[in-house]
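Novice: how would this look folded up:
(chains A and B)
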Amino acid sequence: MTLRIYNFLGREKQEFVPLEEGRIGMYVCGPTVQDYAHLGHAKTYISFDVIVRYLRFSGYDVLYVQNITDVGHLLETGEDRILKKAQQLQAKPMAIVEHYMREYFADMDALGVRRPDISPRASAHIPEQIEMIQRLLEEGHAYEVNGNVYFDVTTAHDYGKLSNRRIEQQQAGAREAVRDEKRNPEDFALWKRAEPEHILRWNSPWGEGFPGWHIECSAMSRKYLGPTFDIHGGGIDNIYPHNENEIVQSECANHAEFARYWMLVGTLLVPDPIDGTPVKMSKSLGNFIRIRDALQQYRPEVLRMNALSVQYRNPVVYSDEAMQSMQAGWERLYGAARLVRQQMNTAPETDDGNAFLEVLDKTRAEFIEVMDDDFNTPKAIAALQELTREVNSLLNSDQTIGLSTLQAINTLYEELGGEVLGLIPAAEAEAGGDSRREAGLIELLIELRAKARAEKNYAEADRIRDRLQALGVVLEDRPDGTIWRVQ
RNA sequence: GGCGACGUGGCCAAGUGGUAAGGCAGGGGUCUGCAAAACCCUUAUCGCGGGUUCGAUUCCCGCCGUCGCCUCCA
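Specialist: Presented below is the predicted three-dimensional model:
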């Protein structure tokens, strides 16, 4: 069983072979912390979260690095974005980025996205960036003009190899005013001179300024993962110019191959309010939904389900309709896992139901096979859904099921659905300590209702059920008793 | 205009050179005091036109359509 990954460099599925057996160095482009994260970020980082979780599940020792961009970049108007925000809020720029960085982590935590091993900040790696720029200057790949340093793309023979853009194809100045300072329209800034009004600025050999957008990823990935590492990830919308420029400057500065496998994830789309066509969720279009706002409406697992409902390279739509479908699908999955846990409390210590272990083995094998094939999460979820049908049938049959069988089912749900996909919450997350009293009260009411039912006092029984329903507590009568859940 | 991705049942979405997973929704049924939940049954020849092939949804060409990138964006 070998892992295969679709490598954007070369555009084909390839067998994954790490540089060092059993270990993986992985870098994923992180967010610019200038505002609250939205669902587009959620899609990308949930995708990589599951990829990293699965790699670890497969036994790899993964070092996962994801940068925090906090140095600010230029708008078309020439204003610094973070500076602009700082003026609005009358606050120091570093306080702004600190704030949004913390909120970013809070949002990701809420989504069940495990934190990267290292979250290096661009502002904390200015010397490394300057050093890399100097190397590029020495090697003749860059030139300085008036305190700005640009990379000369004509000095790299393979510029454009990731995005398949060749320099001669570009329409110079088509949508961007050609700066006279640049030798070629595709040349990009490594270092920018800070105008007097810029607060975010650092000393450099070329005067006070700030780093260009792409150099931070090159400098920080090199620092923590080395000149050559296994996997580089990001959103596909950054393939050009960001990823392309990262590659060219890193390979020219390091004289070494950069990332060996490029994994780029598809975009989150949202229906256009006018005609309903799906369009990219983005800050500039103003059609974004903050993660924290979406979490008011849907559980994190349901948001994850949506992100994982397509293969990671494909785009996915976020809409009420889609989310309701995800919600229903998730509830069936989780309902079965929860029922298994509930049955464990009363199950006999027999080995009845052991024949089911075969189904579990089959599910596990299927799950691994499809995840090994470029992380096919839709198929992996399908495997769990098929398992769920079997589990429900088993639980609804009149045969008694032994504890060991239930435990085996539960373990599989927790491993594949919980540990890898993050869709099934851990058992201990179900009933917090403060809800024990509430649970006791609900169970008391269930006892009263059971008494009423035994006396065929259905009016009273239904009244209790309806009142609880109104409070969001749903009762389900099963042959062996009534169970409840919070809606 | 250039580069790239995609177009599969009512909706979403896998997938394969030999007639197509899974989910959601709808309809019918079983179970239930009634519900709820669950389970069973039920709907597709894969954008259009050519070509390659014994055979294509899957490979190639063209067309149409949608999205992304080419400017800060995950």
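Novice: Which parts of the stretch 251-400 of chain A are helices?
Specialist: Secondary structure of the stretch 251-400 of chain A, counting by DSSP state H, counting those that start in this stretch: helices at A:291-297, A:300-308, A:320-344, A:357-372, A:377-396.
Novice: Where does pLDDT dip in chain A?
Specialist: Applying pLDDT under 70 to chain A flags the ranges A:1, A:72-79, A:87-90, A:167-180, A:428-434.
Novice: Which segments of it make up each domain?
Specialist: Using automatic domain parsing, the domain ranges for chain A come out as A:4-280, A:321-429, A:433-486.
Novice: can you put those in JSON lines and add mean neighbour count?
Specialist: Placement of C-beta: from N, CA and C, glycine included. Listed next are the domains of chain A as JSON lines, based on neighbours: other C-beta atoms under 10 Å:
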{"stretch": "domain A:4-280", "mean neighbour count": "18"}
{"stretch": "domain A:321-429", "mean neighbour count": "17"}
{"stretch": "domain A:433-486", "mean neighbour count": "13"}
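Novice: Distance check, A:Met323 against RNA strand B.
Specialist: 10 Å (C-beta to the nearest atom of the strand, to the nearest Å).
Novice: can you tell me which residues contact the closest residue to RNA strand B within the stretch 151-300 of chain A?
Specialist: For the stretch 151-300 of chain A, the residue closest to RNA strand B is A:Gly235, as judged by C-beta to the nearest atom of the strand, at 2.1 Å. Counting by C-beta atoms under 8 Å, 6 or more residues apart in numbering, A:Gly235 makes contact with A:29, A:40, A:44, A:264-265, A:267.
Novice: Can you tell me which of the residues you listed is closest to A:Gln385?
Specialist: A:Val265 (22.9 Å; C-beta to C-beta).
Novice: which of the contacts of A:Gly235 are close to RNA strand B?
Specialist: Contacts with RNA strand B within the contacts of A:Gly235, counted by C-beta under 7 Å from any atom of the strand: A:29, A:40, A:44, A:265, A:267.
Novice: Mind checking which of these are in strands?
Specialist: A:Val265 (DSSP state E).
Novice: Present the ones next to RNA strand B among the contacts of A:Gly235 as TSV; the columns should include distance to A:Ala337.
Specialist: Below are those laid out as TSV (distance: C-beta to C-beta, whole Å):
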residue	distance to A:Ala337
A:Cys29	34
A:Gly40	29
A:Thr44	27
A:Val265	27
A:Thr267	31
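Novice: Which pair in the ones next to RNA strand B among the contacts of A:Gly235 has the greatest spatial separation?
Specialist: Checked with C-beta to C-beta, these reach their widest spread between A:Cys29 and A:Thr267, with 14.0 Å between them.
Novice: check contacts around the residue of the stretch 251-400 of chain A at minimum distance from RNA strand B.
Specialist: Nearest residue of the stretch 251-400 of chain A to RNA strand B, counting by C-beta to the nearest atom of the strand: A:Gly329, 2.7 Å away. Applying C-beta under 8 Å, 6+ apart to A:Gly329 gives the contacts A:305, A:385.
Novice: again with A:Ala259
Specialist: Counting by C-beta under 8 Å, 6+ apart, A:Ala259 makes contact with A:9, A:27, A:221, A:228-232, A:247.
Novice: show me what contacts whichever residue of the stretch 1-150 of chain A sits closest to RNA strand B?
Specialist: Here the residue of the stretch 1-150 of chain A nearest RNA strand B is A:Gly40; by C-beta to the nearest atom of the strand that distance is 2.2 Å. The contact partners of A:Gly40, taken as C-beta under 8 Å, 6+ apart, are A:235, A:267-268, A:280-282, A:288.
Novice: before we move on, back to that, if you look at the contacts of A:Ala259, which of them are in strands?
Specialist: With strands taken from DSSP E, the overlap with the contacts of A:Ala259 comprises A:27, A:229-232.
Novice: where along the stretch 1-150 of chain A do the strands fall?
Specialist: A:4-7, A:12-15, A:23-28, A:61-66, A:142-145, A:148-151 (DSSP state E, counting those that start in this stretch).
Novice: Please determine how far A:Val474 is located from RNA strand B.
Specialist: Taken as C-beta to the nearest atom of the strand, the span from A:Val474 to RNA strand B is 5 Å.
Novice: Quick check: that residue is in a strand.
Specialist: Yes - residue state for A:Val474 (DSSP: H, G, I helix; E, B strand; the rest coil) corresponds to a strand.
Novice: okay but it is in contact with A:Arg485, surely?
Specialist: Yes - using C-beta atoms under 8 Å, A:Val474 is in contact with A:Arg485, at 5.5 Å.
Novice: quick one, what contacts A:Val340?
Specialist: For A:Val340, the contact set (C-beta under 8 Å, 6+ apart) comprises A:391, A:395, A:406, A:409-410, A:413.
Novice: Export those residues to TSV and append columns for distance to RNA strand B.
Specialist: Listed next are the contacts of A:Val340 as TSV, based on distance: C-beta to the nearest atom of the strand, whole Å:
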residue	distance to RNA strand B
A:Val391	8
A:Leu395	7
A:Leu406	16
A:Ile409	14
A:Asn410	17
A:Tyr413	14
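Novice: out of those, who's nearest A:Pro93?
Specialist: Relative to A:Pro93, and with distances defined as C-beta to C-beta, the nearest of the contacts of A:Val340 is A:Tyr413, at 46.1 Å.
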